[in-house]
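Chemist: Below: sequence and its predicted model.
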Amino acid sequence: MQKYVNQLLQDIKQITLQREKTLQKESKKEESKEDFMDYLKEVDQYVSEIPKHNMYYHFNIEKIVFPPAEKLTDLQMASLIDALKDIWAVHRFACDYPAEVPIRIIYPLFLETMDEPVFLHTYGVSHLDFCSSYPPDCPYKEYCTCQEIWDELEDDDPMEVKGTDKDELPF
Ligand SMILES: [Zn+2]
């Protein structure tokens, strides 16, 4: 499997470098009024269009080439995540997750995220966060900081409605 992972890492790196080169060429072009119009067009597309393609499509890499987590060691997953973060970065995708979340949770989340249709920015950056802000279904499980926030809220009990019957709706 290590040999396969190495090849895959190389392929991802190749696409990342290629994209970097393209971006460098583009940034060498002088900024013009046209750029600003393109930027406005992109903002407009971003708010009005439904994205059609997922990251696998944008990166031109097959979904099937990524081995499932159970076939990989933690180290292999970590190196794949690093390579994926790089390829995300050159396509203007940034992601954040708590450092405590095990790689076995993060790796499948990366693969799932890449399967979702996304808008490919030329100017802006898409920030991706896998946390659902709702502990019972947050993919980070007990490792997420949203649990703490949730606990604090529960202590304060701002949602508690006193004096209502169990069957009665609280609104
Ligand atoms: Zn969370």
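Modeler: Structure received.
Chemist: Look up how far S27 lies from the residue positioned nearest the centre of the chain.
Modeler: Closest residue to the average C-alpha location of the chain: L128 at 3.9 Å, with C-alpha atoms, centre = their mean. Counting by C-beta to C-beta, to the nearest Å, the gap between L128 and S27 amounts to 23 Å. Every residue, glycine included, has its C-beta placed from N, CA and C.
Chemist: List, one by one, the residues from this protein near the ion.
Modeler: Residues of the chain lying near the ion by C-beta under 5 Å from the ion: C131, C138, Y140, C144, C146.
Chemist: ok, back up a step: what bridges to the residue nearest to the centre of the chain?
Modeler: Going by DSSP bridges, L128 is paired in beta bridges with C95.
Chemist: I'd guessed it sits against H91; true?
Modeler: No. The criterion here is C-beta atoms under 8 Å, and L128 misses it with H91 at 11.3 Å.
Chemist: So K41 versus H58, what's the distance?
Modeler: Between K41 and H58 the distance, using C-beta to C-beta, works out to 18 Å.
Chemist: More neighbours: those two, which one.
Modeler: For K41 versus H58, neighbours defined as other C-beta atoms under 10 Å are more numerous around H58 (18 against 12).
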